[in-house]
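1. Quick one, fold the following:
(one chain, ligands or ions: 1)
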Amino acid sequence: MSPMSLFLVGLAFAAFWGFFQVLYNVFFHPLRKFPGPWLAGATSGWKAYKEVIKGETLAQELFDLHRRYGEIVRISPNELHFGNPNAFHDIYHSSRRWDKDPGLYRTPGVKSGSFVFLKYDQAKERREVLLPIFSKKAIQNLEHLVWRNATRLASSITKANVTQSSIDLLFAFRSYTLDTIMCFTFGNCVNALEAPEFRDPLILAMDASLRALPVLKNFPLVRNLIYAVPPGLVMRILPDAKRLAPRLYQVRDLIQQQLQVVLQCPSKLDSVSHQTIFHRMLDPQAYRRKSVPNMTSLHDEGFTLIFAGANTVADTLLMGHWHTMRRPDLLAQLRQELVTVWPSLDTEPTLKDLEALPLLTATIKESLRFIPSGVSLTRVVPPGGAVISGKHIPGGAAVGMAILHVHQSAEVWGDDVLDFRPERWLEDGKKDLDHWLVPFSRGPRMCFGINLAWAELYIAFATMIRRFDLAIDGTTPEDMEWRECIAAYYPRRHLHAWCHPAQS
Ligand code: HEM
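-> Predicted coordinates:
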């Protein structure tokens, strides 16, 4: 058979297979009775089209889809999205140790990090090893490290101020959180805070690589190819490689280099005053089975911890500062409150002092409510099915709910749900709001960096508001529109602010 005939036979076979799949999805699939756009139920191409070709944030469109189709929407042949906030607590309940969905969690191309383990048991084993370095007590003992990075952030901003430039707060906050997570986990920070204009190569590479994630999430074949084939070959065979591949590989390489710095010179760890992932993961005594995982596991854990820990905190700071700067009255009240525990700029307060400030705490909670988190954190319903939000869902279905849909539910937060109003946290009878604040998710796979995150948030908010007179430099609400790329990607001009040193 000639190559052309072979090609035509292949094409015919693919067309037949595609047709057969659409028929199955529409008429025989266990989820066929769930409502949603017809095309979404028929083919996963609908979601790919929205997320990759149109570059949309599906979570935003889902508000409209839930209004049209009800509280459960079929957004892919085997995936349901829930719109009722109660469903969040059903899916991410501590008793539900469901697998993570490979469709989403294989996207980063690593398999053995806390964030990407599909099975609860694997995640639990690793969590037991790492939890001691992320416990509340461990973080309290290391708050000086966070303060040190916040002070470095302030001094880099002050230096930039001398040249009369406003600050790119997205990259400034990401530099602060990247240095902090690197210092905690690797004991070796990249000094992103000292990079000119906060544009460290790792910051730029991590940001640019976000754009590749929707492609990798929606096209498993592409991603398997990209991760399996050596970079040089990928560059030749992938049409969009020039834009996508170098950044992805750059991030991996840079993190690998950081690991190597420590692995090749273990004595570096002697000067680190705290336990890092190296101390924990390479200690056989930390494991029930008393054996340590291989180097790939160490790399995967480092890689995912950096992604899980850096952008999330920075994006919360970004949203919080954007909204707070738009309310000068709030900024002034926060400054007043801070002065009570931080009267002279020469002596910083303690984390405990900050935690006792009601308005600061409320502002952080409200910032966490505004976190740009639109990804549906999909889980696989176990065989036999489960009841979610009062409905029976067949086993094998991927189910999830974007945090955005809990945080923007008017039913929970009231008609002013879209207003940034920290005061809501201070009003009487609003204690139950905490139940609906779920930025770190809930249940057995809930974030275990929560204590570090809160410490970073308190210390950075306090530093920025106490040390600087802040004002937005030309950023518009359109600039702040983000695209869901598993993490948030800001395609327009980043939030820029004037940060003039405050009088002591
Ligand atoms: C404001 C900051 C943060 C937010 C909003 C946040 C949010 C989340 C969410 C929603 C999850 C659940 C994801 C899922 O279900 O797949 C998660 C998991 C995780 N987070 Fe965070 N996170 C933050 C900071 C951090 C930090 C600082 C670390 C530091 C190491 C961290 C490490 C992790 C890890 C390792 C997991 C995976 C846990 C598991 O699957 O068992 N996070 N985070």
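
2. List the contacts of whichever residue of the chain sits closest to the ligand.
-> Across the chain, no residue is closer to the ligand than Gly449, which sits at 2.0 Å (CB to the nearest ligand atom). Just so you know, the C-beta spots here come from the backbone N, C-alpha and C atoms, and that holds for glycine as well. Listed by CB atoms under 8 Å, 6 or more residues apart in numbering, the contact partners of Gly449 are Phe134, Leu305, Ala308, Gly309, Thr312.

3. if you set the cut-off to 10 Å instead, what comes out?
-> 114-115, 130, 134, 139, 181, 184-185, 305, 308-309, 312-313, 440, 456 (CB atoms under 10 Å, 6 or more residues apart in numbering).

4. Mind giving me the PyMOL select for those, buried ones only?
-> Buried subset of the contacts of Gly449, written as a PyMOL selection, criterion 16 or more other CB atoms under 10 Å:
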select buried, resi 114+115+130+134+139+181+184+185+305+308+309+312+313+440+456
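
5. Cross-check the contacts of Gly449 against the ligand and keep the overlap.
-> Here is what survives when these are matched to the ligand using CB under 6 Å from any ligand atom: Ser114, Phe115, Ile181, Leu305, Ala308, Gly309, Thr312, Val313, Phe440.

6. circling back: for the contacts of Gly449, which one is nearest Ala286?
-> Taking CB to CB as the measure, Ala286 lies nearest Leu130 of these, at 8.7 Å.

7. circling back: filter the contacts of Gly449 down to the ones in helices?
-> In helices, defined here by DSSP state H, the members of the contacts of Gly449 are Leu130, Phe134, Ile139, Ile181, Phe184, Thr185, Leu305, Ala308, Gly309, Thr312, Val313, Glu456.

8. Distance check, the residue of the chain closest to the ligand against Leu193.
-> Distance of Gly449 to Leu193, computed by CB to CB, to the nearest Å: 19 Å.

9. can I get the ones in helices among the contacts of Gly449 in JSON lines with pLDDT and distance to Pro343?
-> Below are these laid out as JSON lines (pLDDT from 0 to 100; distance: CB to CB, whole Å):
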{"residue": "Leu130", "pLDDT": "95", "distance to Pro343": "38"}
{"residue": "Phe134", "pLDDT": "94", "distance to Pro343": "32"}
{"residue": "Ile139", "pLDDT": "95", "distance to Pro343": "25"}
{"residue": "Ile181", "pLDDT": "93", "distance to Pro343": "31"}
{"residue": "Phe184", "pLDDT": "90", "distance to Pro343": "30"}
{"residue": "Thr185", "pLDDT": "87", "distance to Pro343": "35"}
{"residue": "Leu305", "pLDDT": "91", "distance to Pro343": "37"}
{"residue": "Ala308", "pLDDT": "90", "distance to Pro343": "36"}
{"residue": "Gly309", "pLDDT": "92", "distance to Pro343": "32"}
{"residue": "Thr312", "pLDDT": "97", "distance to Pro343": "32"}
{"residue": "Val313", "pLDDT": "98", "distance to Pro343": "27"}
{"residue": "Glu456", "pLDDT": "98", "distance to Pro343": "23"}
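
10. Kindly report the residues of the stretch 51-200 of the chain close to the ligand.
-> Ser114, Phe115, Ala123, Arg127, Ile181.

11. Let's see that with 8 Å instead.
-> Residues of the stretch 51-200 of the chain lying close to the ligand (CB under 8 Å from any ligand atom) are 92, 100, 104-105, 113-117, 123-124, 126-127, 130, 134, 177, 180-181, 184-185.

12. Can you list which of these are found in strands?
-> The members of those that map onto strands under DSSP state E are Lys100.

13. Tell me if I'm right that Glu194 and Ala172 touch.
-> No - using CB atoms under 10 Å, Glu194 is not in contact with Ala172, being 11.9 Å away.

14. Between these two, which contacts overlap?
-> Common neighbours of Glu194 and Ala172 (CB under 10 Å, 6+ apart) are Ser156.

15. Neighbour count for those two, which is higher?
-> Taking other CB atoms under 10 Å, Glu194 and Ala172 do not tie; Ala172 has more neighbours (29 against 15).

16. Report the separation between the residue nearest to the more buried one when sequence neighbours are not counted and Val9.
-> Of all residues not flanking Ala172 in the chain, Phe198 sits nearest, at 4.8 Å (CB to CB, 6 or more residues apart in numbering). As judged by CB to CB, Phe198 and Val9 stand 55 Å apart.

17. same check, this time on Asn25
-> For Asn25 relative to Val9 (CB to CB), the value is 25 Å.

18. quick one, which of these two is more surrounded?
-> More crowded of Asn25 and Val9, by other CB under 10 Å: Asn25, with 20 against 11.

19. Look at Pro35 and tell me its secondary structure.
-> Assigned by DSSP: H, G, I helix; E, B strand; the rest coil, the conformation of Pro35 is coil.

20. in this protein, which spans are strands?
-> Secondary structure of the chain by DSSP E: the strands cover 72-76, 79-82, 99-100, 167-168, 379-380, 386-388, 391-393, 398-400, 468-472, 483-485, 487-489, 496-501.

21. Let me know which of the ones you listed is tucked in deepest.
-> Stretch with highest mean neighbour count among the strands of the chain: strand 79-82 (a mean of 26; mean count of other CB atoms under 10 Å).

22. Using CSV, write out every CA atom in it.
-> What follows is strand 79-82, C-alpha atoms only, in CSV (Å, rounded to 0.1, in the frame of the first residue of the first chain):
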residue,chain,number,x,y,z
GLU,A,79,-17.0,15.8,33.4
LEU,A,80,-19.6,17.6,35.5
HIS,A,81,-19.3,21.0,37.1
PHE,A,82,-21.4,21.9,40.1
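
23. The strands of the chain into a markdown table, with extra columns for mean pLDDT and distance to Ala15?
-> Listed next are the strands of the chain as a markdown table, based on pLDDT from 0 to 100; distance: least, CB to CB, whole Å:
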| stretch | mean pLDDT | distance to Ala15 |
| --- | --- | --- |
| strand 72-76 | 98 | 21 |
| strand 79-82 | 98 | 24 |
| strand 99-100 | 98 | 33 |
| strand 167-168 | 96 | 48 |
| strand 379-380 | 98 | 30 |
| strand 386-388 | 98 | 36 |
| strand 391-393 | 98 | 32 |
| strand 398-400 | 98 | 26 |
| strand 468-472 | 96 | 53 |
| strand 483-485 | 96 | 31 |
| strand 487-489 | 95 | 34 |
| strand 496-501 | 95 | 51 |
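
24. For Thr363, which of these is the nearest?
-> Closest to Thr363 of the strands of the chain is strand 468-472 (CB to CB; 13.0 Å).

25. tell me what that closest one is packed against?
-> helix 143-162, helix 295-325, helix 328-341, strand 496-501 (3 or more CB pairs under 10 Å, 6 or more residues apart in numbering; DSSP states H and E).

26. related to what we said a few turns ago, next, the contact list for the residue nearest to Ala172, please.
-> 153, 156-157, 160, 167-176, 178, 192, 204.

27. what's Ser76 in contact with, if anything?
-> So Ser76 contacts 25, 31, 36, 40-48, 58, 103, 218, 376, 378, 398 (CB under 10 Å, 6+ apart).
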